[in-house]
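S.K.: requesting a structural model of the entry that follows:
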Amino acid sequence: MGIGLYQMQRASQGYNYVNKVGLNTIQHIEDMIVDYESTLFKTKAEIEESVLKMMYKYRKERFVRAALALLEGVSWVMAHADKNNVLLKHLLTVEPPAYTCQRYWDWIEPHVLDHIQNCSDNIHLATSSEELETCMRIYSNIEVIKT
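M.R.: Residues are numbered from 1 along each chain as shown. Okay, here's the model as predicted:
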């Protein structure tokens, strides 16, 4: 992974210092540990993030609706168009995005259920009803995939 810089705060001594180590460090156990490469783009000037990386990376940030749209598309393809389960097999065997998962697939259903609960609790917000509807479609696709 290369040499990463990280900052250790020494509150007791009141100063920060930068230490070089032989690997990148993560701040939280849910931080992404794998960089999913994409061969869709030809030049460095274009976006190089793969769909798998974007779905996980943007799940809780300001691009929640974009991540939900990507997740809905992937789950729909798996449920309706992927008769040989190629995409599902890939998601079950590819490296997990964080230490909290054994497979890439493991974070999806709990995240969707948490988001459904969050949207249900905040149904008075304008965007919550749209996100709730999207999450329900994703969840129904996940149920079809599981069966």
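S.K.: quick check: mean pLDDT of stretch 114-132?
M.R.: The average pLDDT for stretch 114-132 rounds to 84.
S.K.: so how far is that stretch off the chain centroid?
M.R.: 19 Å (CA atoms, centre = their mean, to the nearest Å).
S.K.: look up how far L68 lies from M55.
M.R.: 9 Å (CB to CB, to the nearest Å). Backbone N, C-alpha and C define where each C-beta goes, glycine included.
S.K.: okay, and the helix or strand of this structure with the least pLDDT?
M.R.: The weakest-scoring helix or strand in the chain, judged by mean pLDDT, DSSP states H and E, is strand 4-10 (a mean of 37).
S.K.: show me the contacts for the residue positioned nearest the centre of the chain.
M.R.: Computing the C-alpha centroid of the chain and ranking residues by CA atoms, centre = their mean puts Y56 first, at 0.8 Å. Counting by CB atoms under 8 Å, 6 or more residues apart in numbering, Y56 makes contact with M32, P97, A98, Y104, W107.
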